[in-house]
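J.: sequence? don't have it. structure:
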C-alpha cells in the first residue's frame, strides 16, 4: 500500500510497458478457495498482499504487461484476489461462535428503512440498536457470573452434598474445608469472579486483535462528492469502510460494562448483608459508596454508547485515546476494590438459596423487549416516510432481527446455566438451581418449534403446488424435446424451491413475533409465580399441568442438546480447517457490514477487501489508462458494487459491471433498503458506464435487479435457461446438470455479455512512467468518461464461449488495457480460465 501511495513500483505489474495486456482480477465468493483453483494453474505467484489477503497470478503471467509475449497475447491476464483467510483463517476463528448474537444485532443496525430528511429518527434507530448490543454484552457476562458465582461458588460450594461430590470445590466449602480461609461467602465470590473476568478479557482481546487487522486498514483517500451522499447510499462515503474510532469507543464501553457487571455480581450480596440490622456501620457505608460508584459507572458507559455514532463522511483518524484507555481501567479498578470489599471478614455470613439472578435476568429481558418495541416504532416511522414495497417485513426487518439476537443470547445463556446446573447437582435435589426465568425461557422453545413446524409445512405445500404449476412452463422453455416426466419434475422442483428464499421475510416475521409474545409470557410467569412452569401449573387442569411439565422437560433437553452441538461444532472447527471454512461461510454472509452496533461482533472483512480492490483497480488503471469491468458472482457482486461506489466519480464512469447469481436486490435490496434499495441501485447503474445482470429461475440466491423504468431491461438479461439442454444433444451428449446458483460461466450468455461490456468502454492513456500521481488524482489522458458509440459485432458463437470464464463461483474484476484497434474477439478454443 505504501508503495502505491508514493507511486513506486512494487512489482512489474504496476508499471506496464508501452503495450499493456488486459487484466482480469478474480475475486472468489463465500466458502473460500485457492489461487490455483481460481487461475486453473498449479504454479501461482503472489503479486501483492500478505498471508491474510493477497493478489496472485500465474507464474507465466508475472510480467505479462511488459514481457515479450505482451503483444501476442489474445486474452486478458487473470489475477486472483484471495481473501478467504479473513473469515476462516487460523483456529481462533472457532471462538467467533461465542459472538453469534453480537453479529446478529449488528446486522439489525444496517437493516433500517431508507428515509431522507429523517436525521433524528435515523440517529434514534442507531442509538437503540447500540443499546440493544450493550444489553447483550451484559447478558453474556451475567450468564458467566450465574455459572461461576451463583451455581458453583454460592450454591454448590455452600451445600455439603454438592461440595463432597465435586472435590475440586472442597476448599471453598465451609464444611469440607472445616472453615478454611476461602470458605467465606465473599471470598468464594471474589475467587469465582475470575471466570467472568477472563471472559470479558477474552472478548476485549478478540475485539482489539481484529480491530488492528480490519478496522485499521485505511481506504483510498478522496474527498466527499458534491451531493454528500454517493449514489443515494452511504457505501460511497470516504469513511464508510473505516470504523476505527467508533469500534474503539464501543470496545471501551462494552469492556467497562462487562467489568461493572462482574463487580455488581460480587459486591451486591455483600452490600445486602451489610445493610441487615446489626451489621457493621463502616462496611454498610462502603456498600452504599460501592453501589453509587457502580451506578455512576453504568451511566458513564451508557453515555459513551449514546454519545457518538459512525463518522462516514470523512476518514476519522481520531481515537479518543483517553476515553478508550481510562474507561476500562476505571472499571477494572472499581472491580478490584469490590473484590477487596467482598472478601472482608463478615462473621455469621452464610450462603443460602440463590443469588438475585431472577431480578438481573428479568431486568435485562424487560429492557431488551422495550428496546425492540421502540426500535420497531422508529423503523415504522422511517418506512412510512419513504415506503418501499420490496422492503422485507415492511421495513421492520431490523427490529425483527434484533429480537432474534436477544432471543439467541437468552438461549445461549440459559443453555450454559442449565447444563452446568445439571452437571453440578446431578438429580437436582441439593441445589436450588439456576434462576426461574431461565427455566421459563427454555420452556417456550417447544411451542416456538411447533409454530415453525406448522409454517414449514405450509411452505412445503406451497412449494409442491408451485412445482406442479411450473411443469407447463418447463415444457414451454424446451420446445421440440421428447417428454421426460422425471426431468420435467426435477427442473420444476428446482424452480419452486428457489422461490422459497422470497418467503424468508414471512418466516422471520412469524419467528420474531412469536418469540416476543412467548418471551413476554415467560417473563410474566417467572415474576408472578417465582416457580418453574411445572410447579406453577400444579393444582390446575391436568392437561395444563402436563403441557407445562412437558414443555419444561423438552425445553431443558433441547437447550442442552443445542449447547452440546455448539461446543462440539466449535471444538471441531478449532481442529479441522474444513469445518472452520464451513463456519466461515456464515461469517462471509453475516460480517459484510462494519461493526456499528457491537464491538465484540466478528470483524467486517469488507473493511479489508473493499479497500484492497479499490487500491488495486485505481492504481492499475491510473498507470495504464485501461478499461475496467467488475464482474461478481453471488457475494462477490456485493463486494464489486461496494468497490465501484468507493471509486472517484470520474473513475466510476469508466467502469462496467457484470453480475451473475447476484443477491444485490433479492437479498440486500430487500433486507438493507437504506443502502441497496431501488434508489441506490438505480444510481449505481447511471454512475458506471454500463451494467448487465444474469440470473436463473433455479437460483435460490441470485435474481434480477428490478430497476424501475427503462433501467430494468437495460440491466437484467432475461432469465437464463437451466439446465442448458433438456435432453441429450450434440453439444451436450451427457445430461446437462441443473446448475442453480453455480457455474454461470458455463452459459454462452456470460461470455457474450462480458464481451459487449468490454466493447463499450473506451480506453484512456497510460500515465507517463516518470510521474507519481497521488491516489486521488486522475492520470493524464483523454476524456475517459465519454461513452463510446454503437456496440460492435457479436462475439464468437456458443461453441467457443461455452467453455470460457473462470470457475463458476468466482466473481471477477476485469481491467482491460487499451487495445490498438478496438475490441478483439476471443480466439476459438481459448482456455476459459485465462479469458473469463
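T.: Structure received. For clarity, every value in this text was computed on a predicted model and none was experimentally measured. Numbers count the residues shown, from 1 in each chain.

J.: what's the closest non-adjacent residue to the residue nearest the centre of the chain?
T.: Of all residues in the chain, the one closest to the mean position by C-alpha atoms, centre = their mean is residue 590, 1.9 Å from it. For residue 590, ignoring the flanking residues on the chain, the nearest one in space by C-beta to C-beta, 6 or more residues apart in numbering is residue 103 at 4.9 Å. Placement of C-beta: from N, CA and C, glycine included.

J.: tell me the SS of the one you found?
T.: Using DSSP: H, G, I helix; E, B strand; the rest coil, the secondary structure recorded for residue 103 is helix.

J.: for it, list the residues it contacts.
T.: 587, 590-591, 598, 601-602 (C-beta atoms under 8 Å, 6 or more residues apart in numbering).

J.: distance of the residue nearest to the centre of the chain relative to residue 112?
T.: 17 Å (C-beta to C-beta, to the nearest Å).

J.: same deal with residue 532?
T.: 39 Å.

J.: coming back round to it: among the contacts of residue 103, which are in strands?
T.: The members of the contacts of residue 103 all map outside strands under DSSP state E.

J.: most widely separated two among these?
T.: 587 and 598 (14.4 Å; C-beta to C-beta).

J.: the more surrounded of the two?
T.: More crowded of residue 587 and residue 598, by other C-beta atoms under 10 Å: residue 598, with 29 against 23.

J.: separation between the residue in the chain sticking out farthest from the centre and residue 348?
T.: Note on the chain: the largest C-alpha distance from the chain mean falls to residue 278, namely 54.7 Å (C-alpha atoms, centre = their mean). Residue 278 is 9 Å from residue 348, where distance means C-beta to C-beta.

J.: and for residue 753?
T.: For residue 753, the distance to residue 348 - C-beta to C-beta - is 82 Å.

J.: now swap in residue 509 and tell me
T.: Distance from residue 509 to residue 348, by C-beta to C-beta: 55 Å.

J.: for residue 654, same thing?
T.: Taking C-beta to C-beta, one finds residue 654 at 81 Å from residue 348.

J.: for the two, indicate the residue with more neighbours.
T.: With neighbours defined as other C-beta under 10 Å, residue 654 and residue 348 compare such that residue 654 has more, 24 against 8.

J.: backbone phi and psi for that one, please?
T.: Backbone torsions of residue 654, given as degrees, to the nearest 10, read phi -100, psi 10.

J.: kindly report the same for the one 3 residues further on.
T.: Per-residue torsions, residue 657: phi -120, psi 130 (degrees, to the nearest 10).

J.: how far away is the spatially closest residue to it that is not a sequence neighbour from residue 82?
T.: The shortest distance from residue 657 to any non-neighbouring residue, by C-beta to C-beta, 6+ apart, is to residue 691 (4.2 Å). Distance, residue 691 to residue 82, by C-beta to C-beta: 26 Å.

J.: list the buried ones in stretch 706-718?
T.: By 16 or more other C-beta atoms under 10 Å, the buried positions in stretch 706-718 come out as 706-707, 711, 715-717.
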